[in-house]
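Enquirer: Generate a structure from the sequence data that follows.
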Amino acid sequence: MTSTPAPQPPISTLQSPVSRTTSLSLKLIVAFLIISLVGTVLLALIVGRTTASEFGAYVFTQEREALAAQLADYYRATGSWTGVARAFRGAMGGGQGPPAGAGAGSGMGGRMAGRLHNNYALAGVDGEVLLAGVGYLAGEQASADDLASGEPIEVDGRVVGTLLSSRNTLPFTEAGERFLERINRMLIIAAAGATIAALLLGIVLARTLTRPLRELTGATHAVARGDLGRQVAVRSRDELGQLAAAFNRMSRDLAYAEERRRQMTADIAHDLRTPISIIQGHAEALRDGVLPATPDSFQLIHEEALRLNRLVEDLRTLSRAETGELSLVSRPVALLPWLQRLVTAQQPQAQNLNVTLSLEVDDDVSEASVTMDPDRMAQVLNNLLDNALRHTPEGGEVTVRARRARAELHLLVQDTGPGIAAADLPHVFERFYRGDRARGRHAGGSGLGLAIARSIVEAHGGRIWAESEPGKGATFAVALRYTHRG
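Expert: Predicted structure coming up:
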């Protein structure tokens, strides 16, 4: 027992477009939020660390310059570094300050209390350490690198010593710590504000970006339900705008194709109904004895059967050509003899209609050979000639011309009929098109000849078009690749 496959859910039961676009909106919002959080946190950390570093360097520079200035004042007041160790002993952690009688030096030493510590040392002009610090003991010789990076102490334009330091930052004072705390607090507030702003902006951007997608999704579901002409608003020129424009074109094409399909179905039904009705009516009349079984009655039935067969064959040919299944047997064909045979074959019909049919071939293509399927292209030219002869009044002219246009060979069929309206020219190669009443079905065509001609020409890699002015006839042109001369 074979199992029956589970039926597919109808369109109405599929996941709603709102839920899909809501999920996309949420993903975009979360993405914006994560990006903003990462950016603001990194920025806050970088700014915080940079501020602390730069502020420490600034404090250190100010401190070192102040110490160097006060040491210069001491030297200026005493005239030497004698007693500098005793004057600043309290600053170095020993004794209770400078000795009595130190004068100006003792005053300055008091002001420097708490400033000199292990991060500083004083070296004389000869590089000998006078005040221990930064790893040096008093009396040691400072290295050239430390002396070069130290702060020179100048008195009256003369360097009298060097203030050595071990690093470019100092432990912050209480006021400095409070300053950095305020800076960090403001950074946290700014980061939180930036995150909130990014979240709100992300919501707006996500809804803006997904709005066209929501509209496209809704329109797609509408098209799936059969509303083939549904359009969406094109709100931009970016990729989403191009997608909306492409959808609108597709929707219009689908609606037009559906309209043409319905029209073609109606036309086919009409064209099939006429010969079938005639055949059926005459067959019933013959069966019931209403009409005599004469050769004329059978001839009429036979003609309608042939007409029905031609229509079916035209439909089959057109279907194969449009699906790419029409086989072509291409080979080099001498152009002039091929055209002469086609025109000669149409001469009896032209004479019966009292229409002059002529052939004109330019000298530069009179000996040319063209690679093509001669039978299929003969079908194209015969359709064009038959169309021109049927719509040219008595005494008119139909001319077949062959000429070269750059790398193309142009085959023209010109008539002196009533012409085609400008509004109908773009549609004359469509199946069963009836815009031009002068070239309608009553003239004997199936309405498929020009559509078949276009399909065969395009299968050859060529193109076909029509030119006309109402009242001045029409020209049908076929352009093929000009290959070589014979």
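
Enquirer: okay, CA-based contacts and neighbour counts for the rest of this
Expert: Noted.

Enquirer: What are the boundaries of the strands in the stretch 1-150 of the chain?
Expert: For the stretch 1-150 of the chain, applying DSSP state E, counting those that start in this stretch gives strands covering 120-124, 129-131.

Enquirer: so which of those gets nearest Ala194?
Expert: strand 120-124 (43.3 Å; C-alpha to C-alpha).

Enquirer: Where does pLDDT dip in the stretch 301-450 of the chain?
Expert: Low-confidence segments of the stretch 301-450 of the chain, defined by pLDDT under 70: 322-325, 432-447.

Enquirer: ok, back up a step: nearest to Leu315, out of the strands of the stretch 1-150 of the chain?
Expert: Of all those, it is strand 120-124 that lies closest to Leu315, at 104.7 Å by C-alpha to C-alpha.

Enquirer: Could you list the paired strands of the closest one along with their orientation?
Expert: Paired neighbours of strand 120-124 in the sheet (DSSP bridges): strand 129-131 (antiparallel), strand 158-165 (antiparallel).

Enquirer: could you dump it to CSV, C-alpha only?
Expert: Extracted in CSV, the C-alpha atoms of strand 120-124 (Å, rounded to 0.1, in the frame of the first residue of the first chain):
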residue,chain,number,x,y,z
TYR,A,120,63.7,62.3,43.2
ALA,A,121,67.4,62.9,43.7
LEU,A,122,69.7,65.9,43.3
ALA,A,123,73.0,65.6,41.5
GLY,A,124,75.6,68.3,41.3
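
Enquirer: and it, how far from the chain's centre?
Expert: From the chain centre to the centre of strand 120-124 is a distance of 70 Å (C-alpha atoms, centre = their mean, to the nearest Å).

Enquirer: Mind listing what's buried along it?
Expert: Neighbour counts over strand 120-124 (16 or more other C-alpha atoms under 10 Å) mark 120-124 as buried.

Enquirer: Present the strands paired with strand 120-124 as JSON lines; the columns should include mean neighbour count.
Expert: Listed next are those as JSON lines, based on neighbours: other C-alpha atoms under 10 Å:
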{"stretch": "strand 129-131", "mean neighbour count": "24"}
{"stretch": "strand 158-165", "mean neighbour count": "21"}
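
Enquirer: His302: which of the ones you listed is closest?
Expert: Of all the strands paired with strand 120-124, strand 158-165 sits nearest to His302, with 121.1 Å by C-alpha to C-alpha.

Enquirer: what's the angle between the longest helix belonging to the chain and strand 158-165?
Expert: Longest helix in the chain by number of residues (criterion: DSSP state H): helix 17-78. Inter-element angle recorded for helix 17-78 and strand 158-165: 140 degrees (by axes from the mean of the first three to the mean of the last three C-alpha atoms, to 10 degrees).

Enquirer: by contact count, what packs against helix 17-78?
Expert: Judged by 3 or more C-alpha pairs under 8 Å, 6 or more residues apart in numbering; DSSP states H and E, helix 17-78 is in contact with helix 104-111, strand 151-155, helix 174-224.

Enquirer: closest one to Ser297 among the ones you listed?
Expert: helix 174-224 (51.2 Å).

Enquirer: Out of the strands paired with strand 120-124, flag the one nearest Gly218.
Expert: strand 158-165 (73.5 Å).

Enquirer: Thought Arg376 was touching Ile456, still the case?
Expert: Yes. Applying C-alpha atoms under 8 Å as the test, Ile456 and Arg376 come out as touching, 6.8 Å apart.

Enquirer: Have a look at those two and say which one is more surrounded.
Expert: The neighbour comparison of Ile456 against Arg376 (other C-alpha atoms under 10 Å) goes to Ile456, with 28 against 20.

Enquirer: ok, what's across the strand from Val159?
Expert: Glu154.

Enquirer: Tell me the spacing between it and Leu353.
Expert: 125 Å (C-alpha to C-alpha, to the nearest Å).

Enquirer: again, but for Phe247
Expert: 50 Å.

Enquirer: who has more neighbours, those two?
Expert: The neighbour comparison of Phe247 against Leu353 (other C-alpha under 10 Å) goes to Phe247, with 19 against 16.

Enquirer: picking that back up, turn the helices and strands packed on helix 17-78 into JSON lines, including mean neighbour count and mean pLDDT.
Expert: Shown next, in JSON lines, are the helices and strands packed on helix 17-78 (neighbours: other C-alpha atoms under 10 Å; pLDDT from 0 to 100):
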{"stretch": "helix 104-111", "mean neighbour count": "19", "mean pLDDT": "41"}
{"stretch": "strand 151-155", "mean neighbour count": "20", "mean pLDDT": "90"}
{"stretch": "helix 174-224", "mean neighbour count": "16", "mean pLDDT": "83"}
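
Enquirer: Adding distance to Gln141, write these out as JSON lines.
Expert: Listed next are the helices and strands packed on helix 17-78 as JSON lines, based on distance: least, C-alpha to C-alpha, whole Å:
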{"stretch": "helix 104-111", "distance to Gln141": "24"}
{"stretch": "strand 151-155", "distance to Gln141": "16"}
{"stretch": "helix 174-224", "distance to Gln141": "35"}
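
Enquirer: closest to Leu342 out of those?
Expert: Among the helices and strands packed on helix 17-78, the nearest to Leu342 by C-alpha to C-alpha is helix 174-224 (48.0 Å).
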